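Student: Have a look at this prediction, sequence included:
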Amino acid sequence: ETGVTQSPTHLIKTRGQQVTLRCSSQSGHNTVSWYQQALGQGPQFIFQYYREEENGRGNFPPRFSGLQFPNYSSELNVNALELDDSALYLCASSLLGAYGYTFGSGTRLTVV
Amino acid sequence: SQQGEEDPQALSIQEGENATMNCSYKTSINNLQWYRQNSGRGLVHLILIRSNEREKHSGRLRVTLDTSKKSSSLLITASRAADTASYFCATEGYGGSQGNLIFGKGTKLSVKP
């Protein structure tokens, strides 16, 4: 079985730009969640998608948006990037109702 | 916002010693999970304990949960240099909170050969 894969692994963007991060869920999983991890902090929940719809959202502004596709892969889009958006972005997949999450290796975003 | 608080923030031990990390949380939970993270990369799921369980083992890992004190501990026995990593506890609630893992700030463990 394949794990969760994220792309790209590293990215540098300029303040004000837009970015799209991608995630491929583990085979058999139907939900995907995104987390933001600032340096020295624990991950913070951004949102979760199930059946291509948002199924819960953390305390993040609307410029953070996402998509889930029929094959359960997902995108995280961030508009109008700010310096504080610099972080490691983690994707996790799971089977709704089951326990445990599989995380990808993350995308490190640097906003300059 | 962070729900869990790990203690200590950093721990340095010799290979072969045991490492104990503690986690406290604030609200009622469905389950509590422990994850390991190497060098700021992805999280690896270690163990999950449900709110109606008190202790769980997996290999060299032992997790306890005290819901009355809203606390958990992770014990790694006979530590190895490869156990060097950051360890996070994460809580998951019920219903609409499922899927929203709330992490602490982590314990940075260093195991010296």
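Tutor: Right, received. Where do you want to start?
Student: So residue A:84: helix, strand or coil?
Tutor: Classification of residue A:84 using DSSP: H, G, I helix; E, B strand; the rest coil returns helix.
Student: quick one: low-confidence ranges for chain A?
Tutor: A:1-2 (pLDDT under 70).
Student: Where does the residue nearest the centre of it fall, secondary structure wise?
Tutor: Chain A has residue A:34 as the residue nearest its centroid, 3.2 Å off, counting by CA atoms, centre = their mean. Residue A:34 is part of strand A:31-37 when elements are defined by DSSP states H and E.
Student: how much distance is there from that strand to the middle of the chain?
Tutor: Centroid displacement of strand A:31-37 relative to its chain, using CA atoms, centre = their mean, to the nearest Å, is 4 Å.
Student: Check stretch A:28-43 too.
Tutor: In this view, stretch A:28-43 has its centroid 6 Å away from the chain centroid, taken as CA atoms, centre = their mean.
Student: That one near chain B anywhere?
Tutor: Yes. Looking at stretch A:28-43 against chain B by CB under 8 Å from any CB of the partner chain, the contacts come from A:31, A:33, A:35, A:37, A:39-43. Heads up, the C-betas are built off the backbone N, CA and C, glycines and all.
Student: Do you have the strands of chain B handy? List them.
Tutor: Along chain B, the stretches classed as strands by DSSP state E are B:5-7, B:10-14, B:19-24, B:31-37, B:43-50, B:55-58, B:61-66, B:71-76, B:85-92, B:102-103, B:107-112.
Student: The fourth one and chain A in contact?
Tutor: Looking back up the chat, that one is strand B:31-37. Yes. Against chain A, strand B:31-37 shows contacts by CB under 8 Å from any CB at B:31, B:33, B:35.
Student: which pair in the residues of stretch A:28-43 next to chain B spans the largest distance?
Tutor: The most widely separated members of these are A:31 and A:40, with 28.1 Å between them, by CB to CB.
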